[in-house]
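Engineer: Sequence first, then the predicted structure:
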Amino acid sequence: MPELPEVETVRRTLLPVVLHKPITAVSVFTHRIVQNRPLEQFQELLVGRSFTDLIRRGKYLIFSVEGGLELIAHLRMTGRLIYYSSPDLPLAKHTSAVFSFGEGGELRFEDVRKFGTLDLVPQGEYQSVKGLYTLGVEPLSDEFSLGFFQELLLGRKTKIKALLLDQTKIAGLGNIYADESLFQAGIHPERSAHSLTAEEVQRLHAAIKEVLELAIAHQGTTFRDYRTGYGREGSFQNQLRIYGKKGADCPRCGVQLEYRKVAGRTSHFCPACQREQP
DNA sequence: AAAACCGCCTGTCGGC
DNA sequence: TGCCGACAGGCGGTTT
């Protein structure tokens, strides 16, 4: 579910309300969510300590914890991290964990499909969190330059869509924003990476940054499950041009949009604006 | 290196 | 209306 813009929105909305508040209790209702150490130890290490910072890497949220620890959260498909100022509200049906701040409210991890994860690690030691350890570059950072992107595509025969979804290359793109970026750049998802012209590479590079930034400005895309840290819906679903629009007309040329499985994922594209054979 | 599977879960939707 | 399979925004693991 949540991709970079959604996770970044959760970060920004939680940042003002969860830092510097001692954790008074940690309740875990879905034990499997805690990945890398016994539940008791997980709770003991957190209770009495505060979060001191919250950053994002790809689709991961990393809470700094007093005492040189980091709490790493991944929402996977349906996870939500929502701050509640009062503990009186009944728990949602699929609540996986609750971090209580006493009078300071509580942070709840809600997750219908229970794929979401929590890891507590010594600061910077990510070896046990494989996806984070092997994560590629941040697409909104300076490191993701045109030159970097050109080199990434060079000589790679893999389909461009598959490459965009590969978190070890670029961190944070998922199915929605990969499709939206490819549409904006006018590139078919099944083109092989190395077949893109210099101009296409430039367009796709720019499109990725623009789409992600615009989605963040709209607090992400809510189809069903995603909520901000305040529990509110995003609004970028109203700005989508191609994702989930099967059968609709292309907003650019009016031709009927198509979709097919690419790299195991439903992929939307305009057969006229995004040519399979350039 | 890359693709094609499966599994993890629950809910929803479309077809019959 | 009910049932049943397909499918969903992610990712790790295995096999080819």
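Structural biologist: All right, it came through fine.
Engineer: Now do stretch A:186-198, average pLDDT.
Structural biologist: Stretch A:186-198 shows a mean pLDDT of 95.
Engineer: start to end distance for that stretch?
Structural biologist: Using CA to CA, to the nearest Å, one end of stretch A:186-198 lies 13 Å from the other.
Engineer: Repeat that for stretch A:226-246.
Structural biologist: 21 Å.
Engineer: contact partners of that stretch?
Structural biologist: A:1-2, A:5-6, A:9-14, A:17, A:80-84, A:175-176, A:179-180, A:183-184, A:214-215, A:218-223, A:250-252, A:257-259, A:268-270 (CB atoms under 8 Å, 6 or more residues apart in numbering). No exception for glycine: its C-beta is placed from N, CA and C like everyone else's.
Engineer: Is that stretch in proximity to DNA strand C?
Structural biologist: Yes: using CB under 7 Å from any atom of the strand, stretch A:226-246 comes into contact with DNA strand C via residue A:226.
Engineer: Quick one: mean pLDDT for that stretch?
Structural biologist: Stretch A:226-246 comes out at a mean pLDDT of 94.
Engineer: Enumerate the residues of the stretch 101-250 of chain A near DNA strand C.
Structural biologist: A:113, A:115, A:130-131, A:165, A:167, A:174-176, A:221-226.
Engineer: Can you narrow those down to the ones near DNA strand B?
Structural biologist: With CB under 7 Å from any atom of the strand as the criterion, those include A:113, A:115, A:224 near DNA strand B.
Engineer: Now those in JSON lines, please, with extra columns for neighbour count and secondary structure.
Structural biologist: Output for those, formatted as JSON lines (neighbours: other CB atoms under 10 Å; DSSP: H, G, I helix; E, B strand; the rest coil):
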{"residue": "A:113", "neighbour count": "12", "secondary structure": "coil"}
{"residue": "A:115", "neighbour count": "16", "secondary structure": "coil"}
{"residue": "A:224", "neighbour count": "9", "secondary structure": "coil"}
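Engineer: Looking at these, which is nearest DNA strand B?
Structural biologist: residue A:113 (3.3 Å; CB to the nearest atom of the strand).
Engineer: How about that closest one, nearest residue that isn't a chain neighbour?
Structural biologist: Excluding its sequence neighbours, the residue lying closest to residue A:113 (CB to CB, 6 or more residues apart in numbering) is residue A:78, at 4.6 Å.
Engineer: Next, give phi and psi for the one you found.
Structural biologist: phi -130, psi 10 (degrees, to the nearest 10).
Engineer: Could you do the one 4 residues further on as well?
Structural biologist: With angles defined as degrees, to the nearest 10, residue A:82 sits at phi -130, psi 130.
Engineer: what about it, distance to DNA strand C?
Structural biologist: Distance, residue A:82 to DNA strand C, by CB to the nearest atom of the strand, to the nearest Å: 14 Å.
Engineer: okay but that residue is in contact with residue A:110, surely?
Structural biologist: Yes: between residue A:82 and residue A:110 there is a contact at 6.5 Å, judged by CB atoms under 8 Å.
Engineer: For residue A:137, give its distance to DNA strand B.
Structural biologist: Taking CB to the nearest atom of the strand as the measure, residue A:137 falls 16 Å from DNA strand B.
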